[in-house]
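K.L.:
Need coordinates for the following:
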Amino acid sequence: MRNSILVRSIAAVSGIVMLASVAACGDNTASNTDSSASTDTKTTEAVSGNFSGAGASSQQTAVEAWIAGFQGTNPDAKVAYNPSGSGAGVSTFLTGATAWAGSDAALSNDEVEQSKSVCASGNAFDIPVYVSPIAVVFNLNGISGKGKTLN
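P.N.:
Sure thing, here's the model as predicted:
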């Protein structure tokens with residue numbers, strides 16, 4: 001039970017960070033300054049619109065959970081994720097077809113430079129929000145796999 005709460009907490013925080021990155025290329029020129037507003041009052045505006053991302057299939061389950069949580073508090077926001085693969089997600093993002101990419105690797109310097117053409121307010125940036133599993137594959141000639149385990 002305790003482990004489940006920890007995992008959910010980490011997923012929630014990671015989801016918030018990931019969805020905040022949706023706005024990484026956003027261009028909001030409107031100013032929300034109101035000199036008559038009290039500085040003690042905090043208001044939260046609901047997010048609305050359509051946002052799409054693409055990228056690593058290893059992140060699909062986590063991204064779907066983050067999307068569900070985000071849309072639960074922002075019902076007018078429609079978020080979709082295409083698990084097309086890490087490289088395909090970055091390529092799609094760099095064409096401007098998606099708002100973000102889920103990748104197993106950080107953007108290269110060239111990719112950051114390319115992002116300037118699709119990010120209205122600057123360039124893209126990396127936010128690590130997911131740890132991908134890694135498999136170790138081995139084949140040892142002359143050793144039978146029967147009854148053998150990797151400890």
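K.L.:
Okay, strands next: where are they in this protein?
P.N.:
Taking DSSP state E as the criterion, the chain carries its strands at 49-55, 77-82, 100-102.
K.L.:
Could you pull up the residues touching residue 105?
P.N.:
residue 86 (Cβ atoms under 8 Å, 6 or more residues apart in numbering). Bear in mind the C-beta positions are built from the backbone N, C-alpha and C, glycine included.
K.L.:
quick revisit: hey, which of the strands of the chain is tucked in deepest?
P.N.:
When those are scored by mean count of other Cβ atoms under 10 Å, the highest mean neighbour count falls to strand 100-102 (a mean of 26).
K.L.:
Could I get the average pLDDT for that strand?
P.N.:
The predicted model gives strand 100-102 an average pLDDT of 92.
K.L.:
So which other helices or strands are in contact with it?
P.N.:
strand 49-55, helix 86-94 (3 or more Cβ pairs under 8 Å, 6 or more residues apart in numbering; DSSP states H and E).
K.L.:
what angle do the longest one and strand 77-82 make?
P.N.:
So the one you mean is helix 86-94. Using axes from the mean of the first three to the mean of the last three Cα atoms, to 10 degrees, the direction of helix 86-94 lies 140 degrees away from that of strand 77-82.
K.L.:
Does anything pack onto helix 86-94? Which helices or strands?
P.N.:
With contacts taken as 3+ Cβ pairs under 8 Å, 6+ apart, helix 86-94 sits against strand 49-55, strand 100-102, helix 109-115.
K.L.:
Return the per-residue confidence for residue 31.
P.N.:
You'll see residue 31 listed with a pLDDT of 43.
K.L.:
Hmm, I typed the wrong one, I wanted residue 23.
P.N.:
46.
K.L.:
Ok, residue 118 next?
P.N.:
With respect to pLDDT, residue 118 scores 92.
K.L.:
Report how many residues lie close to it.
P.N.:
16 (other Cβ atoms under 10 Å).
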